[in-house]
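Novice: return a 3D structure for these sequence lines:
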Amino acid sequence: MVNKVADNNNPSRARILEAARTEFSEKGFDGARVDSIAQRAEVNKALIYYYFKSKDELLQELLRDFLEERRRNRLSVADNPAKRDLPQRIAVHEADLLFEKRDILRIALMEDLKMARDGAPKPGMLVQHWLEGVSESHQAYANKGYDYRSTPRTLSAMYFYHLMPLVAFSSFGEGFARAIGVDFETVREEFRKLVDETTRTHGETVFHASKDDPAEEIDLDGASSPKEEPAHVPQDHFQTTAQERAAFVAKHMPQGRLETFPLKEKARLALIEHISGSFDPGTTYTERDVDAILKPIAADHTKVRRYLVDYGYLRRTADGRRYWTWDGNLR
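Specialist: Alright, predicted model coming up:
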């Protein structure tokens, strides 16, 4: 099967992720159902399994998106010409971002608590994603004159005294404000001040002091360096060989025309891929052009057009006026 390059702007994939975020937020990870996610996203269930093998992978992808936004947020603050108080400014910005993403953080926190309870051998989601940004964060600070050594003390401070309080406030801050009868924005502002104070204090007592810490520095480059996203391929159970695709085409399109879709998604996807070969990567099409090509090929040409877009074989502009193949360029 063709290996389509990862496309985070694919509208169907984006709808699936947004639907999963809403479903997880409302029902929790265990209560969420793929059927409900498909309904929310207005896609067929098989399309979800085309992109993601499980609910867990959906959650991991949502966390990856959050991590990338957190990374951009941190670097945008670091790119500010002002060097003064960089750690405090980053910390306060992160407090706001994590609160904005509190629905995802709550789910990840609950899953990590379950893993800890069950004695799982692997680290939790939060620590995994935190590790991925450690080295880059260190470099951003060093470039502005805030260097430190990655000793057990500094890493413990970063995780337990900087990240985890942000996660806790994002997850429980609103409920805490209600419990003590105080306006939430008042609590939030006080928390921002505490974040600033803690970061400022640890700047001297932990991070600056790490230069004289006799503890050996921990090399996290292997675990934390940003990883390139692999090229997107369908999940294994949907992949077909050229021989398999030819057999599906011979069975379901014996006269070169698809009258009815097969029930099995693997066969359906193989036919969609075959039909996608009718489009030239160097050409931009109108919707009328696409329909003119598909009508002689398929009885339900509108469904075929939708599947071509859903599975990424055709791209289209937001207004639906222009179409082009995934391996071509919009001209």
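Novice: from now on I want contacts and neighbour counts done on CA atoms only, so please keep to that.
Specialist: Noted.
Novice: would you map the helices across the stretch 201-331 of the chain?
Specialist: 221-224, 242-252, 265-276, 287-294, 301-310 (DSSP state H, counting those that start in this stretch).
Novice: lowest average pLDDT across those helices?
Specialist: Sorting the helices of the stretch 201-331 of the chain by mean pLDDT places helix 221-224 lowest, at a mean of 50.
Novice: all strands of the chain, in order?
Specialist: 314-316, 323-325 (DSSP state E).
Novice: save the helices of the stretch 201-331 of the chain as JSON lines, and put in mean neighbour count and distance to His202 too.
Specialist: Putting the helices of the stretch 201-331 of the chain into JSON lines (neighbours: other CA atoms under 10 Å; distance: least, CA to CA, whole Å) gives the following:
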{"stretch": "helix 221-224", "mean neighbour count": "14", "distance to His202": "22"}
{"stretch": "helix 242-252", "mean neighbour count": "16", "distance to His202": "60"}
{"stretch": "helix 265-276", "mean neighbour count": "20", "distance to His202": "55"}
{"stretch": "helix 287-294", "mean neighbour count": "16", "distance to His202": "59"}
{"stretch": "helix 301-310", "mean neighbour count": "18", "distance to His202": "49"}
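Novice: closest one to Gly320 among those?
Specialist: The closest of those to Gly320 is helix 287-294. By CA to CA, the value is 7.1 Å.
Novice: can you state the direction angle for that closest one and helix 301-310?
Specialist: Counting by axes from the mean of the first three to the mean of the last three CA atoms, to 10 degrees, helix 287-294 lies at 110 degrees to helix 301-310.
Novice: ok, back up a step: which stretch among the strands of the chain comes nearest Leu75?
Specialist: Using CA to CA, the strands of the chain put strand 314-316 closest to Leu75, at 31.1 Å.
Novice: centre of the chain to the closest one, how far?
Specialist: 21 Å (CA atoms, centre = their mean, to the nearest Å).
Novice: turn the strands of the chain into CSV, including distance to Ser156, mean neighbour count and mean pLDDT.
Specialist: Listed next are the strands of the chain as CSV, based on distance: least, CA to CA, whole Å; neighbours: other CA atoms under 10 Å; pLDDT from 0 to 100:
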stretch, distance to Ser156, mean neighbour count, mean pLDDT
strand 314-316, 46, 22, 83
strand 323-325, 49, 22, 84
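Novice: show me the one of those strands that comes nearest Val43.
Specialist: strand 314-316 (16.1 Å).
Novice: neighbouring strands - and their directions - for the closest one?
Specialist: strand 323-325 (antiparallel) (DSSP bridges).
Novice: now do the strand it pairs with: distance to the chain's middle.
Specialist: 25 Å.
Novice: so what touches it?
Specialist: 279-287, 290, 313-317, 330 (CA atoms under 8 Å, 6 or more residues apart in numbering).
Novice: against Arg257, how distant is Ala299?
Specialist: 8 Å (CA to CA, to the nearest Å).
Novice: now do Leu271
Specialist: Per CA to CA, Leu271 is found 11 Å from Arg257.
Novice: count the residues that sit near the nearest residue to Arg188 once chain neighbours are set aside.
Specialist: Take Arg188 and drop its neighbours on the chain: the residue closest to it by CA to CA, 6 or more residues apart in numbering is Gly173, 7.6 Å away. Residues contacting Gly173 under the criterion other CA atoms under 10 Å number 20.
Novice: ditto for Ser171
Specialist: Ser171 has 21 nearby residues by other CA under 10 Å.
Novice: for Gln39, same thing?
Specialist: Considering only other CA under 10 Å, Gln39 is surrounded by 13 other residues.
Novice: cool, the one 4 residues further on as well?
Specialist: Neighbouring residues of Val43 were enumerated by other CA under 10 Å; the total is 19.
Novice: what does stretch 201-217 rub up against?
Specialist: Contacts of stretch 201-217 (CA under 8 Å, 6+ apart): 87, 147-154, 157.
Novice: just how off-centre is that stretch within its chain?
Specialist: 34 Å.
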